[in-house]
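Colleague: pasted the sequence and its predicted model underneath.
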Amino acid sequence: MIDSLYIAWRYVSYNWVRSLTLVACITLIAVLPLSLELLLDESERQLLSRAESTPLVVGAKGSSLDLVMSSLYFGKTLPELISMADAERVIKTGLAQPLPLYVRFKARGAPVVGATLDYFDFRGLHIAQGRNLALLGECVLGARVAENFGLNPGDALLSSPESLFDLAGVYPLKMQVVGILEPAHSADDLAVFVDLKTAWIIQGLVHGHEELVNVTDPTLVMDRSNGNVTATAKLTHYTQITPENIDSFHFHGDPADYPITAVIALPYDDKSSAILRGRFVAGEQPRQIEVPGEVIEGLLANIFRIKSVLDAVILVVGLATVLALVLVFALSLRLRQREIQTIFKLGCSRLTIARFLGAEIVIILAASALLTLLLLGVVERYDEPLVRTLFIR
Amino acid sequence: MIQIHGLNFTYPGGTFHLQIPNFQVQRGEKLAVIGPSGSGKTTLLNLVSGIVTPELGEIEAAGTTVSALSDAERRDFRIRNIGFVFQDFELLDYLNVLDNILHPYRISRALRLDSGVRERAALLAGQMDIGDKLKRRTDDLSQGEKQRVAICRALLPGPRLLLADEATGNLDPRNKGRILDLLFDAVDAHGATLLAVTHDHELLPRFDRVVDFADFQQTAAA
Amino acid sequence: MHYAKQLPCLRITLLLLTLVFAPTAIAADKLKVYTVNYPLAYFTERIAGEQAEVVFPAPPDVDPAFWMPDTDTIIAYQRADLIVINGANYAKWISKVSLPRLRMVDTSRPFADRFLQQQATSHSHGTGGDHSHSGTAFTTWLDPGQAVQQAEVIAAALTRKRTAAKQLFETNLEELKSNLLALDERLARVTTSAADSPILASHPVYQYLARRYGLNLRSVMWEPDEVPDESQWAEFVKILEEHPAKWMLWEAEPASESVERLRSLGVESIVFDPCGNRPESGDFLSVMLKNAASLEDVSR
């Protein structure tokens, strides 16, 4: 056996180009489906983990997928809005704690996530540089947003107008970057976090302006009557919050009516979760309450159905490769007919000849197996960052 | 050393038929076999070495009735007792000179490769003036050097019978003589018998005897 | 023999170590509770006892309702286990900062539907129509009944955070409640005879006190340490014609010039300290009892 392996090894190493090509082909055909399996499993795990760690999401009735994608992954589709009254409703049930979210606006293409500080505790987000939100108008950046925009604490970031032509609508707010989060390896890395109230400032529901009651410029005042001062359009609204003007910022209307896109509900236990779900389903308001894990599982089941197609394709390609390899071996055998005849003449048995050829195949296969294991080991070791880089942005 | 009586051989398919009523080679004799192409000279070598077997007749070589052996016995007999030297050398380009010389020991369990064999191989190579080329690839050798490697390979197991099929066929005139000298010296030194098929009439006077295959009946394909 | 002599020394050493490190151990285990005014700090201290470290970081010379903490203080609030707020839009700074809502305790939530609104000048602009600022009266604790409810909310929040100390919190709460109810009785007694008498207040901070005890109270916008100007006196005289009060409540000791001028108009001054911030001496209860004593003068 050793002689067979020795002779085979000499042949394989002499014809290294052919041998490497064969090893590469076999390795590829082995590594592809297996590493795809590993990466898809990891993708599923990563996508699901964020969903599974979020117990319940409350939103306007409509697409559950849009609601979950907006709340968990800050997707582009804006779900129908609900209000802070819905967060209050959750508190009043005494069954869960609410985390209101307002994911509507953008800053240079990155989603602006209006949330409370509790969101950071919930998601385990920690500050890497600077500090967390403290005052209106401040923002904290996800790790990748900061990197992509080249921003640091102390820099400014302008929110984007919702529409170029809606001049009277949402106007840009110059936000102060006060902190950058540690990488969370999730959608949070790509978000700009602001206090809910700052998101309402971007919308114009909360604003600051020159003091109006005692103003002396008559061109700023349209009417004073019944204890009300009506301003003209000349009145300047502040587009940046500073220590000098922060006191002037105020709310208009009932804060309970202020809009949000979703409420993440944190039930105290499973029983509370079930009761809460029942109450929202039976409620009069057009609201839905979803279990993100179930929604995403359903989505993944559909997406990963494509995996079966991929598996079938890889199988066919694999078969074709195997056939090609068999052909290569057969042709190689033909080319070596003379060598085989010579050693037969010298006194070599057909079985020994078969052993020589078999040993070559064993060496090729062993090399492929080793390389496959090595590559799979690397894929498994780095599956998390690979999935983040390749599949989940 | 070789005795053939009443031999009748036909290749499968009936394309060639050879009849040898009587043929003998003495021990230590250096016999040249000549004849036109297709006359069966190589077939003779195949019959003597047991590569093929006759339908009729008896072949005795190196004291063994080769025609009566089984396939496995003929293989073992061949590798122990018979050394081959081919026209095209038939060396393996993926083995170095030493490995080519040792090759018979790796392809049959009838021969056992040990340190003694490696030493003998080195010695033999030295005698053939290729002792400094043991680690070289055969592609790097000249035609003459290649044939010397082939001769070392043939001689290493200590064969009693050396079969050379056009051993000088691919060599230039200078090397032809040299190789033949080496072959004859080796045969003498090892006490072997040489049966050489050749087209080279210039070399015939150097042999002990010359047999013309035209003396034997053969039938070519119609 | 040698070891027997060492044992007492060992015991003493261990005892000393315990005494040194035990306070630290207890301190490390205490809940950290931040409040937005002194009354809430007082209630929390009374209820939580040793279970909490109560912090009310506003400087002593500011009105906590209008105080704006610096960034470091805001961050300290963020790190608290509980943030006890008054509600009724008391601490104006809360709407300007980021705080963890789940750790905020809105103590006036139980009676939020009964907040009093005070007249404030509204303004409007854009397409939103007329809007009014929430001119919500925010000195909720001046109604002892409401103070009791606020204390109950604090106790419930503390219990949720530290279930093991529930009994302690309940006991302390009952003690505090009995004090507040006794105060309520005294104030009720004191104000009964003054029920219909017109009373003036130097500042609009006594709304809940007035509602609780049916006081005929009207406010102006004066500061104790500022003497009103002539236009303010003129306005005051007009008010006095409609509302012929004999007493004016001040948040703190007023300027003597103000007192004299008021006296010349037939109005005597008494101090009723809302106690929004920590008093120089005494505590919330002693200040309220002192206030009650001052009101006794009104009722005579």
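Modeller: Perfect, I can see it now.

Colleague: mind listing the helices for chain B?
Modeller: Remark: helices assigned in chain B by DSSP state H are B:41-48, B:71-81, B:97-107, B:115-127, B:143-155, B:173-190.

Colleague: what about the second one, average pLDDT?
Modeller: For helix B:71-81, the per-residue pLDDT values average out at 87.

Colleague: elements contacting that helix?
Modeller: Other helices and strands packing on helix B:71-81, by 3 or more Cβ pairs under 8 Å, 6 or more residues apart in numbering or on different chains; DSSP states H and E, are helix A:337-346. Bear in mind the C-beta positions are built from the backbone N, C-alpha and C, glycine included.

Colleague: elements contacting the helix it packs on?
Modeller: Applying 3+ Cβ pairs under 8 Å, 6+ apart, one finds that helix A:337-346 makes contact with helix A:350-381, helix B:71-81, strand B:82-86, helix B:97-107.

Colleague: can you list the strands that the helix or strand residue A:102 falls within pairs with?
Modeller: In the assignment (DSSP states H and E), residue A:102 maps to strand A:96-107. Partners of strand A:96-107 in the sheet, by DSSP bridges, are strand A:110-115 (antiparallel), strand A:262-267 (antiparallel).

Colleague: okay if I get those as a markdown table plus mean neighbour count and mean pLDDT?
Modeller: Listed next are these as a markdown table, based on neighbours: other Cβ atoms under 10 Å in any protein chain shown; pLDDT from 0 to 100:
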| stretch | mean neighbour count | mean pLDDT |
| --- | --- | --- |
| strand A:110-115 | 24 | 96 |
| strand A:262-267 | 24 | 96 |
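
Colleague: can you list phi and psi of residue 206 for me?
Modeller: I went with chain A, as the question did not name one. Dihedral pair for residue A:206: phi -120, psi 130, per degrees, to the nearest 10.

Colleague: think we crossed wires, I meant chain C
Modeller: Torsion angles, degrees, to the nearest 10, at residue C:206: phi -110, psi 20.

Colleague: my read: it touches residue C:219, true?
Modeller: Yes - with contact defined as Cβ atoms under 8 Å, residue C:206 counts as touching residue C:219 (7.2 Å).

Colleague: how close does residue C:72 get to residue C:57?
Modeller: Computed as Cβ to Cβ, to the nearest Å, the residue C:72 to residue C:57 distance reads 10 Å.

Colleague: need the helices and strands packed on helix A:337-346 in CSV with mean neighbour count and distance to residue C:99, can you?
Modeller: Formatted as CSV, those follow (neighbours: other Cβ atoms under 10 Å in any protein chain shown; distance: least, Cβ to Cβ, whole Å):
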stretch, mean neighbour count, distance to residue C:99
helix A:350-381, 16, 42
helix B:71-81, 19, 93
strand B:82-86, 25, 95
helix B:97-107, 23, 82
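
Colleague: got JSON lines for those, with distance to residue C:281 too?
Modeller: As requested, these are exported to JSON lines (distance: least, Cβ to Cβ, whole Å):
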{"stretch": "helix A:350-381", "distance to residue C:281": "68"}
{"stretch": "helix B:71-81", "distance to residue C:281": "118"}
{"stretch": "strand B:82-86", "distance to residue C:281": "122"}
{"stretch": "helix B:97-107", "distance to residue C:281": "107"}
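
Colleague: of these, which approaches residue A:256 most closely?
Modeller: If you check each of the helices and strands packed on helix A:337-346 against residue A:256 by Cβ to Cβ, helix A:350-381 wins as the nearest, at 50.7 Å.

Colleague: so which bits of the helix or strand following the closest one are buried?
Modeller: Using DSSP H and E, the helix or strand that follows helix A:350-381 in sequence is helix A:383-390. Residues A:383, A:386, A:387, A:388 are the ones in helix A:383-390 that count as buried (16 or more other Cβ atoms under 10 Å in any protein chain shown).

Colleague: closest to chain C out of those residues?
Modeller: Among the buried residues of helix A:383-390, residue A:388 lies closest to chain C (Cβ to the nearest Cβ), at 28.8 Å.

Colleague: pLDDT value on the closest one, please?
Modeller: 74.

Colleague: for residue C:241, same thing?
Modeller: At residue C:241, pLDDT is 93.

Colleague: check contacts around residue B:35.
Modeller: Applying Cβ atoms under 8 Å, 6 or more residues apart in numbering or on different chains to residue B:35 gives the contacts B:41, B:212, B:213, B:214.

Colleague: what is the lowest-pLDDT residue among these?
Modeller: residue B:214 (74).

Colleague: and residue B:138, what does it touch?
Modeller: Contacts for residue B:138 (Cβ under 8 Å, 6+ apart) come out as B:89, B:91, B:92, B:93, B:95, B:96, B:97, B:100, B:146, B:149.

Colleague: compare the residues you listed and tell me which is most surrounded.
Modeller: Taking other Cβ atoms under 10 Å in any protein chain shown as the neighbour criterion, residue B:97 ranks highest of the contacts of residue B:138 with 27 neighbours.

Colleague: was I right to think that one contacts residue B:149?
Modeller: Yes - the pair residue B:97 and residue B:149 qualifies as a contact (Cβ under 8 Å) at a distance of 5.4 Å.

Colleague: hmm, which helix or strand of chain C has the shakiest average pLDDT?
Modeller: strand C:122-124 (a mean of 42; mean pLDDT, DSSP states H and E).

Colleague: just the helices in the stretch 101-250 of chain A please.
Modeller: Using DSSP state H, counting those that start in this stretch, the helices of the stretch 101-250 of chain A run over A:117-123, A:143-149, A:196-203.

Colleague: still on that earlier bit, residue C:206 and residue C:219: which has the busier surroundings?
Modeller: Counted by other Cβ under 10 Å, residue C:206 and residue C:219 do not tie: residue C:206 has more neighbours, with 25 against 19.

Colleague: gap between that one and residue C:199?
Modeller: According to Cβ to Cβ, residue C:206 stands 9 Å off from residue C:199.

Colleague: what's the overlap in contacts for the two?
Modeller: Joint contacts of residue C:206 and residue C:199 (Cβ under 8 Å, 6+ apart) are C:215, C:217, C:249.

Colleague: which of those has the most neighbours?
Modeller: Most neighbours among the shared contacts of residue C:206 and residue C:199, by other Cβ under 10 Å: residue C:249, with 27 neighbours.

Colleague: in which helix or strand does that residue reside?
Modeller: Judged by DSSP H and E, residue C:249 forms part of strand C:247-250.

Colleague: what's that strand packed up against?
Modeller: strand C:198-201, strand C:268-271.

Colleague: quick check: mean pLDDT of it?
Modeller: pLDDT averaged over strand C:247-250 gives 94.

Colleague: ok now the helix or strand following it, how far from the chain's centre?
Modeller: Next along the chain after strand C:247-250, taking DSSP H and E as the criterion, comes helix C:256-264. From the chain centre to the centre of helix C:256-264 is a distance of 28 Å (Cα atoms, centre = their mean, to the nearest Å).

Colleague: one step back: ok, which of the contacts of residue B:138 also contact chain A?
Modeller: B:92, B:93, B:95 (Cβ under 8 Å from any Cβ of the partner chain).

Colleague: tell me who's in contact with the second one.
Modeller: Which is residue B:93. With contacts defined as Cβ under 8 Å, 6+ apart, residue B:93 is in contact with A:14, B:137, B:138, B:139.

Colleague: just the pLDDT for it.
Modeller: Confidence score, pLDDT, at residue B:93: 90.

Colleague: distance check, it against residue A:366.
Modeller: Counting by Cβ to Cβ - residue B:93 and residue A:366 are separated by 24 Å.

Colleague: and for the first one?
Modeller: In this structure, residue B:92 lies at 22 Å from residue A:366, with Cβ to Cβ as the measure.

Colleague: low-confidence ranges in chain B?
Modeller: Residue ranges of chain B with pLDDT under 70: B:215-222.

Colleague: which residue is nearest the middle of chain B?
Modeller: Nearest to the geometric centre of chain B sits residue B:163, at 2.1 Å (Cα atoms, centre = their mean).

Colleague: isn't that residue up against residue B:81?
Modeller: No - contact criterion Cβ under 8 Å: residue B:163 and residue B:81 do not qualify, at 10.5 Å.
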